[in-house]
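[1] Everything below, folded, please.
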Amino acid sequence: MKKIAGEEFMPDRILVVDDKQSIVEILETVLREDGYAVSSAFRGEEAIKKLEEESYELLLCDIRLPDIDGMKILEYAVSREEGPAVIMITAYGSIENAIECMKLGADDYITKPFNLDELRAVVRKVLGNVKLLRENAKLRAELKQKYDFSGIIGKSKQMQEVFEKIKRVAPTNTSVLISGETGVGKELVAKAIHYNSPRARKDFVALNCAAIPEHLLESELFGHVKGAFTGAISNKNGIFEEADGGTLLLDEIGELHMSLQAKLLRVLDEGSVRRVGDNKNIPVDVRLICCTNKRLEEEIEKKNFRLDLYHRIKVVEIAIPPVRERKEDIIAVAEFYLQKISREHGKSLTRLNPEAVTLMLSHQWQGNVREIINVMEQAVLLAESDPVGAGHLPSLSSSESCDFSVAELLGENTLKKMLDRVEKEIISRVLEEAGGNRKETARRLGVSERALYYKLDEYDLK
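    As a prediction, the model looks like this:
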């Protein structure tokens, strides 16, 4: 077993099947020189037994064997779950056999007598494809798990209704409007819909309509051709083309300018886009999900949003209630993220003590789930063991106990003062827990010692 950068490296395992010992020996020598782990079999029955007992990344198998036809071994190999890739060995000129092998599921073939450099190249190519496919499958599984309903926490009646809607709309191509305050998890719901839909193998592409200047947004949405405007030095795909076959999330759709709303409606009606500066349409197959923290009905009354576009994007609406309206979810959400963030930092924090629970339930959570996550990050930083106490939630303690004057609340530096107060409290507590060791304090805070020294001086922490 080799080691790479401190990690165990397992070589790819290859099973060579041929009834001629001389050929097997040549293949074993060449492949082992290239770093592969090689096993061999001279008969078909022996090969099938080894495939049953061991796992291999690649099978190199001759078509003609004395007992079982190589085609049968190929069929057996490709029928196995996570079975090996297969390269068939055929006699020179038997192109019909090679074609039949490919139809049955072989990844490639080589002919006798074979060129060793060609053999190496084919093996590398096939194993490279296998690794890519398996990595993609693993990534899809991870994404599906990451954005499955387990990532959206809530036992309240309101959230159960959200889950039910996700389950119903995910298998369809229906346009969905997700509404709710900032921080409630609208994008997480959108990803849950995508990764539990038939489009999960294709891309999920997101664009925040409020984050891009109006004069650039049309190009971002629909693309442009070279010379369409100053700075358009080459053709550019828009996000509709990038999301072709998959799902497109338009976040903060209520911020979209009226002129672009008309063009978006045309794209949805026609199923095609026209790049800026172009005169031809490009077909696209996109499922649209939109998010908004505005009441679009009110925007329609103000003439800020088109009624026809509203009906087009709101085939189904999923309204996510704010956290303060479902207090029974607060602790479940908090402890879920406490455990998740704790694992990421190499800790094992799992629960809040009664005082922390009381403090969490008394808070208004204007930032919703996003604010809960931030508070749990504080807790992980400050607490070393269970249970997490109220003292490990300094931002909540400060916000609940401090009596700010109206003048201070209206002051232009209020937000900075509050953030500085929280930062000073965190640094002070970590410094105390580290016994005054500045190097250890910097490590726990995830900052450089130089940055820590600057903060200690700024907050007069000695």
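[2] Quick one: low-confidence residue ranges for this protein.
    Scanning the chain for pLDDT under 70 picks out the ranges 1-9, 92-94, 136-151, 397-419, 462.
[3] what about the residue lying farthest from the centre of it, distance to residue 41?
    Using C-alpha atoms, centre = their mean, the residue of the chain lying farthest from its centre is residue 66. It sits 49.6 Å away. The gap separating residue 66 from residue 41 is 12 Å, by C-beta to C-beta, to the nearest Å. Just so you know, the C-beta spots here come from the backbone N, C-alpha and C atoms, and that holds for glycine as well.
[4] Restrict stretch 32-49 to CA atoms and write it as CSV.
    In CSV, the C-alpha atoms belonging to stretch 32-49 read as follows (Å, rounded to 0.1, in the frame of the first residue of the first chain):
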residue,chain,number,x,y,z
ARG,A,32,2.1,-4.0,-12.2
GLU,A,33,4.9,-1.8,-13.5
ASP,A,34,2.2,0.9,-13.9
GLY,A,35,1.2,0.5,-10.2
TYR,A,36,-1.9,-1.6,-10.5
ALA,A,37,-2.8,-4.5,-8.2
VAL,A,38,-3.3,-7.5,-10.6
SER,A,39,-5.0,-10.8,-10.2
SER,A,40,-5.4,-13.4,-12.9
ALA,A,41,-7.6,-16.4,-14.0
PHE,A,42,-7.1,-18.9,-16.8
ARG,A,43,-10.7,-20.2,-17.0
GLY,A,44,-14.1,-18.6,-17.0
GLU,A,45,-15.4,-20.3,-13.9
GLU,A,46,-12.4,-19.2,-12.0
ALA,A,47,-12.9,-15.6,-13.2
ILE,A,48,-16.6,-15.6,-12.1
LYS,A,49,-15.7,-16.9,-8.7
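[5] any residues touching it, and which ones?
    Stretch 32-49 is contacted from outside by 2, 11-19, 21, 24, 27-28, 31, 50, 54, 56, 59, 61, 65-70, 72-73, 76, 120, 123, using C-beta atoms under 8 Å, 6 or more residues apart in numbering.
[6] What subset of those residues is buried?
    12-19, 24, 27-28, 31, 50, 56, 59, 61, 65, 68, 70, 73, 76, 123 (16 or more other C-beta atoms under 10 Å).
[7] Return the residues in contact with residue 241.
    223, 273, 282, 284 are the contacts of residue 241 under C-beta under 8 Å, 6+ apart.
[8] Got a PyMOL select line for the buried ones in the residues you listed?
    This is the PyMOL syntax for the buried subset of those, where burial follows 16+ other C-beta under 10 Å:
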select buried, resi 223+273+282+284
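[9] Just send the contacts of residue 241 back as TSV, with secondary structure and distance to residue 454 too.
    TSV is the format used below for these (DSSP: H, G, I helix; E, B strand; the rest coil; distance: C-beta to C-beta, whole Å):
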residue	secondary structure	distance to residue 454
223	strand	45
273	strand	49
282	strand	52
284	coil	50
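[10] For the contacts of residue 241, work out which two are farthest apart.
    Pairwise distances across these (C-beta to C-beta) peak at 10.4 Å, for the pair 223 and 284.
[11] Spell out which residues are contacts of both of the two.
    Joint contacts of residue 223 and residue 284 (C-beta under 8 Å, 6+ apart) are 240-241, 273.
[12] Quick check: end-to-end length of stretch 37-55?
    12 Å (C-alpha to C-alpha, to the nearest Å).
[13] buried residues in that stretch?
    Result for stretch 37-55 [16+ other C-beta under 10 Å]: buried residues 38, 40-42, 44, 47-48, 50-51.
[14] any idea where the strands of the stretch 301-450 of the chain begin and end?
    In the stretch 301-450 of the chain, the segments counted as strands under DSSP state E, counting those that start in this stretch are 316-319.
[15] in it, which spans are helices?
    According to DSSP state H, counting those that start in this stretch, the stretch 301-450 of the chain carries its helices in the segments 307-313, 330-344, 354-362, 368-382, 394-401, 406-410, 414-433, 438-445, 449-458.
[16] what's next to the first one, contact-wise?
    Here helix 307-313 makes contact (C-beta under 8 Å, 6+ apart) with 175, 177, 253, 261-262, 264-265, 268-269, 288, 290, 296-297, 300.
[17] could you redo those residues as a markdown table and give each row secondary structure?
    Below are the contacts of helix 307-313 laid out as a markdown table (DSSP: H, G, I helix; E, B strand; the rest coil):
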| residue | secondary structure |
| --- | --- |
| 175 | coil |
| 177 | strand |
| 253 | helix |
| 261 | helix |
| 262 | helix |
| 264 | helix |
| 265 | helix |
| 268 | helix |
| 269 | helix |
| 288 | strand |
| 290 | strand |
| 296 | helix |
| 297 | helix |
| 300 | helix |
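[18] between those residues, which is nearest residue 343?
    For these, the nearest to residue 343 is residue 290 (33.4 Å; C-beta to C-beta).
[19] Just grab the bridge partners of that closest one for me.
    Residue 290 has these beta-bridge partners by DSSP bridges: residue 177, residue 250.
[20] And residue 88, by the same measure?
    With DSSP bridges as the criterion, residue 88 is bridged to residue 61, residue 109.
[21] How much space separates it from residue 37?
    21 Å.
[22] got it, and residue 195?
    For residue 195 relative to residue 37 (C-beta to C-beta), the value is 35 Å.
[23] Likewise for residue 447?
    For residue 447, the distance to residue 37 equals 45 Å [C-beta to C-beta].
[24] what do you get for residue 158?
    Where residue 37 is concerned, residue 158 sits at a distance of 55 Å (C-beta to C-beta).
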